[in-house]
Each structure stands twice: as C-alpha cells, then as structure tokens.
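Engineer: quick check, what structure comes out for this input:
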Amino acid sequence: MEQLHALAQACGVAREWIDVEGREQAVDDAALAAVLAALGHEAGSAQAIARSLAALAAQARALPALLVGDCGGWLTLPFPVTRAEATGEDGITRPLVVEGARLHLPDAPGYYDLALDRHVTRLAVAPPHCPLPSPGNRRPWGVSVQIPALRGAAASPFGGFGELAEAARAFGAAGADALAINPVHALFPGHGVGYSPYSPSSRLFLNGALADPALAGLPPLEPAEGPPLIDWASALPQRLAQLRQVFAALDPARRAALTASDDAMLRRHALFDALDCHFRAATGAHGWRNWPAAYHDPAGAAAQRFAAEHPDEIAFHLFVQALARAGLAAAQAAAKGAGMGIGLIGDLAVGVDPSGSDAWSLRDAMLDGLTIGAPPDPLGPLGQNWSITSFSPDGLRATGYAPWIAMIRAGLAAGGGLRIDHAFGLARLWVIPDGAPTGAGAYLSYPFADLVRLATLEAHRAGGLVIAEDLGTAPPGFTHAVTERRMLGMRVLWFERAADHGFIGPQDYAPLSAAMSGTHDTVTVAGWWKGRDLDWAQELGRLPEGVSRAEAEAIREWDRGLLWSTLDHTAPRPAPDNPAPVVDAALCHIARTPSALALVSLEDLLGEAEQPNLPGTITEHPNWRRRLEQPLAETLADPVIANRCETIAALRSVPEG
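Structural biologist: I've put the predicted structure just below:
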C-alpha cells in the first residue's frame, strides 16, 4: 500500500492524526481509498494510483489560476521566467523583479493581472495584518445576539433585520461598540424544517426570511405575534407568503429597480430558490439532489428552460435578496449612527447543506460524496457528522479561489468584521465518505497559507476585524499563523482554566483575542450556576458515563467555588439558586480583560438560564427557537440591565497600562 499512502500524502489526506488526549491515531487503507475516490483521485489499483500521481505531478508544474503572497515578499513559481509585469486595480502596469523561479511581489496589497513571459494569471497580495479595533481611550465591547430571538416595537413571529436595526440603536445608546450576530446565510426559502443558521443553503447570499420591506422604503409587514418559542414550521412559509404579497404590489418601475442584476451567481441562486420552491410544492422534494435528474445541472437545458418560463418567479427571489441586502446595510447604518465604533460582526458557517444552492451552483468547487464533522474522541466516541459539506481544496485552486473570496466578501458585508466558525477548517477538515461511519473519515488539508492571506486581504479591503474561532485542539502551526495576522482568537470564560483547573484571572487573557462570556453552544452563566445544563444532561441521558446526577452536582459545587474565587475574593459565595451576583461578576471579569474586544452574550447580559443551542441535539432541545420575553428597548430600560451595560462600558474605558 506504499503507493496508496504516497497518493494520500500528495492529496493532503492524513494517514495519522493526534486526538484530544494527545494519542496518535491511524486511518485504515480502506478509509483512505474511499476519501481519495470521493476527491476524484483513482485509487482502486496500482495502475490507477500511478495515473493519479502523474496527474498531480503535472498539476504542480502548471501555473495556478491565482498566485497568493505577501506585500513585498518573494514567491516561488512553478518554472523560471525572465520577465514579469503586474497590472493593479488602478490600471497601472508595473514591472516586477524576477530571479529565475522567484518573483518579488508588489508592496501594495490588492489583486493584480500578472504576465510572466508569455503566461498570464492572477495575483493576490496580502497586507501583513487584519485591521484591529481603534481603541481610542477604551477597549471596545459588544453583545452577541441571535437575530431571531430579538423582539422589536412591532409584533412578529421572529426577529429579522428590522429588529436588528432597533437593537443596534439601543445597544449603541447603551455604549456598546459592536453587535456580533449569528450567520445570516441563505436558507431554503419558506422551508420550516432546516432552520439552523449553521446549515445554510448558501454562504454567498442572505437569509431572505430576515428581510424587512420597511428598511427598503416599502410598506411594513403586517404585525403578527408568534408563540413564546419560534414555530419555524409555520413562520417561515408565512414570511415567504408575506414577501410575495409585497412583491405583487410593487409598481413596475420599483420592481425593475429591485430585481435588475447582472450578477450571474445571484441569478443562479434565484433560479435555485425558484426551483426549490417549485419542486417542494409539487413533490415535497427538499434540495437539488431530490429534484429530477435533468435539473441537477444549473446550466442544463431543463433548468434554463424553467428560468425562461418563470421570469416572475426568478424576479421574486432577486427581489428578496435585494430586500435582505438593504436590511443588513440599514442595520449596520443604525449601528454606526448610534455611535458604535465597529458595528455588526458577521458569522461565517463552516459549511453548507449538500442539497443547497452552493452545492448546486458551484459543483466543481465543492466536495462531492463527502460531508464534514469531527473525529471520534473521549467526549464523542462515535465522532460527529455535521451533515454539511464545503469547498474542495482542488476546486478552490482550480477556480483561483473565486468562490471562497466571494464568500468572505459576503460575510464581511455585515459591516465591522467577521467571525470564522471552526477556523481550524482553514487548515484541515475531517471528511467522511457518504454512508460511512464518522470514524471511517480522515483529515483533509487545505491551502492554509493562501486562505489566511486571502482572508487578511479581504478584511483589509473591507476595514473589518476577523475573529478566528479556535476552540479545541489546533492543527500544527495554526495559532502562530493567525496570531501573526492579528486575527482575534476566542477566549471563552468556561474554557480559560489554569493548570490547577481553576479559572484564570482577567489579566491573563491574551490581548490579541475576543474575551467572551459564552457562545451560542455553551451554557449561560446563570444556567451554569443553577445547574440548568446538568438538568438537560440528566433529562437527555447525556451525563458522563458512570457519573450520577448527585456526583455531577458535587463536581459542579466544587467548580462554583473555583469560579467565585476568581470572580470575587471578598463577598460570600451566592447560593446556586441566586445567580444574579455571579452574572454581574462574570460580566465584569470579561470587561476587565486586556482583550482587544470583549463580547457578552445577550443571554448573559439578561441573566437567562437557557442557551440558544445545545450541541448534539436536533429536536430534543428547542435550538434556535428562544425569544426575548419583551421588546429589547424595554429590556434595556430595566435598571439591572442598564447598570450592567454602564458597568461594562466603564470598565472598558480604563486605558491599558
């Protein structure tokens, strides 16, 4: 199997990996062969492997569709050249120094057309660092929110961009500098089942259900109250029907203005949404993999005939995207208008639904026959299959990273920055062949250096910060690379433990980080103190093996002592049923850190016991369904909540040093 192992290495498929306990694990040859086959590399025989290796060698000798490097740095070309010229986005052509196969890059960041003797390609030149918040006389702080959970002045079954704009104004008035939001990627239109923001249809376009016609100068949606927990099964179809009514009432000139677009990918996404609505209504099919085979090719005759025969339906979905873009821009404008120095920080999901728009539109750039997840570990002996997919490393290189760059730009369009979920995926992803158990997967490496440079370049162009979600065991070299680029790591209260298992002090948080009270996947401060997470674990049979509820409670009681000793050395420890003082102290703890940005979750600011999402559950826990009990403006007027905001702002105003 030496040839198979050589092919795996050439394709970036790792034969060995280190688990969370530091033990070396091996991928068996059958799993390697299955992953390689899904990647499009023949591995069924010695002759097939030889052909695959020869094709890879030829590819390595060819000029890439996009070369990526650093300002003023040197780049090694696949072959020597005698002359090089780069034409920048300003239209000016400049000669570049070449020394054989080494190319000296321009000093200015940006994208260039590159001529190398008789060869032409594209060049991306990254600046040294991502932008950081301008501290002025304080370190910025913000609140992380789940947009659907927001309530605004008008009744609605779930929060959208209108409620987000209201929240931006309210938190700006309270002294916050940023609002970190959940992913706003496009979901399947009107589909009330797949509503997780982390399993989108497309990361290039927006969730039309969040659109608010009033933010685009159109009549507002009819107010309609929903139940305490969001009923997505009815709310999403109803919202789509409401948007159709708004579209039908448009005058021809306004309709033309809102649906005009020469963006080929946007029009293809609108075609996908139109087909998805059509086949779901006709047959109940979900996603393109369940459509008739003739429609699997977006450029095929059947799909193009449908587009020609249904121009109004295509126009409707273009209209929804226009409304969503206007709404997101209005929310960012509201944030900046309210004095926020950063504004909205978007969130980039790690992958997409294999039956969604991106997987249909970008077939050549996406993994096919592979889903992504996490390998088995002591906390999850079976591993995790997230049932989503992502870009193919070969597909990215072949397309000159164009869809990946477009995705990053779409994420940064929120305004002030972007959080990259599971940023380890820039370096490697655990991929699982369709139908195989999670443990029969392997780590697939990605062009990490190129992706980090491109993210830095796009952040520079957008003027937005980057938060790289780095919770867990980092791949080799990851932490140094992202820190060097001034991407902010995530330092979450629950995971910042010392060698003696106590919690570290605020002064020990890394300055180049986002200090956080929690995430959408972690228990809230009040919930942890009260043991609400233990209630859920007991109810769902998820307590650690061999640990009773009483034993889990005893461990928690010990941990309460460790946390309180870090948060407050003077006051008596509050009882488990009195979490309010702990919430106050935890928020002050995060605010006192030297971190470049402090983020408190809305749930922690309000002292809520329930968390938005419980990882590993689908219907067992009301994931992504919780809402505020009253409009946010009323909530922030509560003296307790107002005092928490004032205290955080005051603590962040203390200059460093």
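Engineer: now residue 137: which helix or strand?
Structural biologist: Using DSSP states H and E, residue 137 maps to neither a helix nor a strand.
Engineer: nope, residue 397 is what I meant
Structural biologist: helix 393-398.
Engineer: can you list the neighbours in contact with the helix or strand following that helix?
Structural biologist: Using DSSP H and E, the helix or strand that directly follows helix 393-398 along the chain is helix 402-412. For helix 402-412, contacts defined as CB atoms under 8 Å, 6 or more residues apart in numbering pick out 66, 203-206, 265, 346-348, 358, 362, 365, 391, 396, 418, 451, 454-455, 458-459, 462, 464. C-beta here means a position set from N, CA and C on the backbone, and glycine is covered the same way.
Engineer: what about 7 Å?
Structural biologist: Residues external to helix 402-412 that are found in contact with it (CB atoms under 7 Å, 6 or more residues apart in numbering): 203-204, 346, 348, 362, 365, 391, 396, 418, 454-455, 458-459, 462, 464.
Engineer: chain center to it, what's the gap?
Structural biologist: Chain-centre distance of helix 402-412: 11 Å, with CA atoms, centre = their mean, to the nearest Å.
Engineer: pull out the buried residues from that helix.
Structural biologist: 402, 403, 404, 405, 406, 407, 408, 410, 411, 412 (16 or more other CB atoms under 10 Å).
Engineer: helices or strands up against the top helix by length along the chain?
Structural biologist: The residue-count maximum for a helix in the chain (DSSP state H) belongs to helix 311-337. Other elements packing on helix 311-337 under the criterion 3 or more CB pairs under 7 Å, 6 or more residues apart in numbering; DSSP states H and E are helix 161-173, strand 202-206, helix 232-248, helix 252-259, helix 264-283, strand 343-348.
Engineer: what's the neighbour count on residue 229?
Structural biologist: Neighbourhood size, residue 229 [other CB atoms under 10 Å]: 11.
Engineer: do you know how far it is from residue 624?
Structural biologist: Residue 229 sits 10 Å away from residue 624, taking CB to CB, to the nearest Å as the criterion.
Engineer: what does stretch 85-100 contact?
Structural biologist: With contact meaning CB under 7 Å, 6+ apart, stretch 85-100 is reached by 80-82, 84, 103-104, 106, 108, 110-115, 123.
Engineer: again, 6 Å this time
Structural biologist: Outside stretch 85-100, the residues that touch it by CB atoms under 6 Å, 6 or more residues apart in numbering are 80, 81, 84, 104, 106, 110, 112, 113, 114, 115.
Engineer: what about burial for those residues, which qualify?
Structural biologist: Here the buried ones among these, as counted with 16+ other CB under 10 Å, turn out to be 81, 84, 106, 110, 112, 114, 115.
Engineer: okay if I get those as TSV plus distance to residue 339?
Structural biologist: Shown next, in TSV, are the buried ones among the contacts of stretch 85-100 (distance: CB to CB, whole Å):
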residue	distance to residue 339
81	52
84	47
106	37
110	31
112	38
114	43
115	48
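Engineer: and the furthest pair within those residues?
Structural biologist: Within the buried ones among the contacts of stretch 85-100, 81 and 110 form the most distant pair, 21.2 Å apart (CB to CB).
Engineer: which residue is the nearest non-sequential neighbour of the spatially most central residue of the chain?
Structural biologist: Within the chain, one residue has its C-alpha closest to the average C-alpha position: by CA atoms, centre = their mean, that is residue 348, at 1.9 Å. If the residues on either side of it in the chain are set aside, residue 348 comes closest to residue 411, at 4.4 Å by CB to CB, 6 or more residues apart in numbering.
Engineer: residues in contact with the one helix or strand residue 649 maps to?
Structural biologist: With secondary structure defined by DSSP H and E, residue 649 is part of helix 639-652. Residues external to helix 639-652 that are found in contact with it (CB under 6 Å, 6+ apart): 138, 139, 141, 174, 175, 587, 591, 592, 605.
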